[in-house]
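In: sequence first, then the predicted structure:
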Amino acid sequence: MPLNIQVILQQDVDKLGKSGELVRVRPGFARNYLLPRQLAVPATTAAVRRIEHEKVVALAKAEKAKKEARDLAARIDALAIKITLKAGEDGKLFGSVTAKDLENAVKAQGVTLDRKALRLAEPIKQTGAYQVPVKLVSDVGATLKVEVVAK
């Protein structure tokens, strides 16, 4: 009986590994826990090749998404949004500028952006110029320039 066997994890398993990893475990743990619950599959040569192929495809897809995010970040950095709202004499707005308002203003400029990407800590309630950070993917971000003026 082998001391350890190799299995490929199908799902994340605490204290063992993440989905798609090739791990060594005791035969009883694999036979009695991982395999019956479909948390892992035996590491045959075909399964290992399939996992390696999926990793290559996922890496290429992530690189493509990162390139698109960099292009979008360049467009957002070049963008300057001007929002006009009613305001009092002291510059306090009647209402506020939210992420949804910013999303609509950016969309009117021809750039598609998800409002969840906007890192607006709290709604803008005062006239003035603001820098709103935008997080597109894990390490690609941009800054949206927003100017709020009184009507």
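Out: Perfect, thanks for sending it. Numbering: from 1, shown residues only.

In: which strand or helix spans Asp71?
Out: helix 45-77 (DSSP states H and E).

In: please determine how far Ala129 is located from Gln11.
Out: 48 Å (C-beta to C-beta, to the nearest Å). All C-beta spots, glycine's among them, are computed from the backbone N, C-alpha and C.

In: just give the nearest non-adjacent residue to Gly91, would you?
Out: Nearest non-adjacent residue to Gly91, counting by C-beta to C-beta, 6 or more residues apart in numbering: Thr127, 4.3 Å away.

In: now do the contacts for that neighbour.
Out: Shown in contact with Thr127 (C-beta atoms under 8 Å, 6 or more residues apart in numbering): Ala87, Gly91, Leu93, Val148, Val149, Ala150.

In: and the least confident of those residues?
Out: Scanning those for pLDDT, the low point is Gly91. It has 87.

In: how near is it to Asp114?
Out: From Gly91 across to Asp114, the span is 30 Å (C-beta to C-beta).

In: what's the burial count for Lys151?
Out: 8 (other C-beta atoms under 10 Å).

In: from what I see, it and Ala87 are in contact.
Out: Yes. Between Lys151 and Ala87 there is a contact under C-beta atoms under 8 Å: 7.1 Å.

In: measure Val146 to Lys66 for me?
Out: Distance from Val146 to Lys66, by C-beta to C-beta: 25 Å.

In: of these two, give the one with the bigger neighbour count.
Out: The residue with more neighbours, out of Val146 and Lys66, is Val146; 23 against 15, by other C-beta under 10 Å.

In: for the helix or strand hosting that one, buried residues please.
Out: For Val146, the host element (DSSP H and E) is strand 140-150. For strand 140-150, burial by neighbour count (16 or more other C-beta atoms under 10 Å) applies to Val140, Gly141, Ala142, Leu144, Val146, Val148.

In: who's in contact with stretch 2-17?
Out: By C-beta under 8 Å, 6+ apart, stretch 2-17 touches 18-27, 30, 34-35, 38-43, 47-48, 51.
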